[in-house]
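S.K.: One predicted model, sequence on top.
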Amino acid sequence: MSKDARATPVRATSAGVPAWIFGYGSLIWRPDFPFIAQRPALLRGWRRRFWQASPDHRGVPHAPGRVVTLVEETGAHCWGMAFLTAATEQEAILAALDIREQNGYAREEVMVALEGKDMVSALTYIAGPANPSFVGPAPLQDMATQIARSHGPSGANRDYLRELAANLSRLDIEDEEIANLSRAVEALRV
Ligand code: BEZ
């Protein structure tokens with residue numbers, strides 16, 4: 001975890017909904033909303049997986065890409081970034097995120113440990129197994145080929161994976177699946 005990410009002091013808010021938003025995918029490097037502080041945060045019992053099809057951002061309907069969701073798994077964990085938002089801005093922030101993450105993602109309240117220690121309630125977006133774009137696991141090479149080939153309105157699927165891997169690395173977050181996928185995609189000449 002980087003020292004810079006710990007630098008901002010955290011202030012309490014009096015919000016009626018959790019003031020923290022937990023990001024484990026593109027929110028880590030592109031939150032696109034105002035926040036008061038950010039902290040690397042640990043979510044236990046869930047794993048980041050490239051198991052959600054992206055027909056709208058990193059692919060197109062006839063050739064969807066793959067993006068991350070969270071999958072429940074006993075003993076697993078997922079490091080991401082928690083953002084503290086101001087009570088006065090939450091409604092607008094959540095309304096914008098609901099639109100950005102509309103393809104199968106639903107807002108969920110989870111408990112995360114800031115820097116692995118202080119527990120706080122946070123909102124996160126999870127695309128569960130019942131949503132139509134949930135594609136689940138596939139062999140590593142198949143996922144890598146799909147990611148290497150896919151492009152959508154938000155750009156190349158490969159760049160999404162690159163950004164995620166680079167930002168996890170910047171934060172000293174280890175994620176074996178992301179590392180394996182990154183190596184497999186970079187090795188492809190698609
Ligand atoms: C995230 O960064 O947490 C995220 C981004 C896109 C969809 C769902 C979650």
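M.R.: Structure received. Residues are numbered from 1 along each chain as shown.

S.K.: Stretch 178-190 and the ligand, any residue contact?
M.R.: No. Using Cβ under 6 Å from any ligand atom, we find that stretch 178-190 stays clear of the ligand, coming within 12.8 Å at best. In short, each C-beta sits where N, CA and C put it, glycine included.

S.K.: do the same with stretch 55-70
M.R.: No. Interface with the ligand: stretch 55-70 contributes nothing (Cβ under 6 Å from any ligand atom), its closest point being 6.5 Å away.

S.K.: Next, the buried residues of that stretch.
M.R.: By neighbour count, and taking 16 or more other Cβ atoms under 10 Å as the criterion, the buried residues in stretch 55-70 are Pro55, Asp56, His57, Arg58, Gly59, Pro64, Gly65, Arg66, Val67, Val68, Thr69, Leu70.

S.K.: among those, which are in strands?
M.R.: Mapping those onto strands (DSSP state E) picks out Gly65, Arg66, Val67, Val68, Thr69, Leu70.

S.K.: Quick one: residues contacting the spatially closest residue to Tyr160 that is not a sequence neighbour.
M.R.: On the basis of Cβ to Cβ, 6 or more residues apart in numbering, the spatially nearest residue to Tyr160 that is not a chain neighbour turns out to be Arg58, at 5.1 Å. For Arg58, the contact set (Cβ atoms under 8 Å, 6 or more residues apart in numbering) comprises Gly65, Arg66, Val67, Ser150, His151, Gly152, Ser154, Gly155, Ala156, Asn157, Tyr160.

S.K.: Spell out which parts of this protein neighbour the ligand.
M.R.: Gly23, Tyr24, Gly25, Ser26, Leu27, Ile28, Glu101, Tyr105, Thr124, Tyr125.

S.K.: ok, Leu171 touching Ala82?
M.R.: No. With the criterion set as Cβ atoms under 8 Å, Leu171 and Ala82 do not qualify as a contacting pair; they are 11.9 Å apart.

S.K.: Between those two, which contacts overlap?
M.R.: With contacts defined as Cβ under 8 Å, 6+ apart, the residues shared by Leu171 and Ala82 are Pro40.

S.K.: When these two are compared, which one has more neighbours?
M.R.: More neighbours sit around Ala82 than around the other of Leu171 and Ala82, counting by other Cβ atoms under 10 Å; the figures are 28 against 18.

S.K.: quick one, phi psi at that one?
M.R.: Torsion angles at Ala82 (phi, psi; degrees, to the nearest 10) stand at phi -100, psi 140.

S.K.: Equivalent analysis for the one 5 residues further on, please.
M.R.: According to degrees, to the nearest 10, the main-chain angles of Ala87 amount to phi -50, psi -40.

S.K.: So it versus the ligand, what's the distance?
M.R.: Going from Ala87 to the ligand by Cβ to the nearest ligand atom, to the nearest Å gives 21 Å.

S.K.: cool, and Glu89?
M.R.: Taking Cβ to the nearest ligand atom as the criterion, Glu89 is separated from the ligand by 18 Å.

S.K.: Next, count neighbours for the nearest residue to that residue once chain neighbours are set aside.
M.R.: Distances taken as Cβ to Cβ, 6+ apart place Pro34 nearest to Glu89, at 5.8 Å, with adjacent residues excluded. Each residue near Pro34 was counted by other Cβ under 10 Å, and the total is 11.
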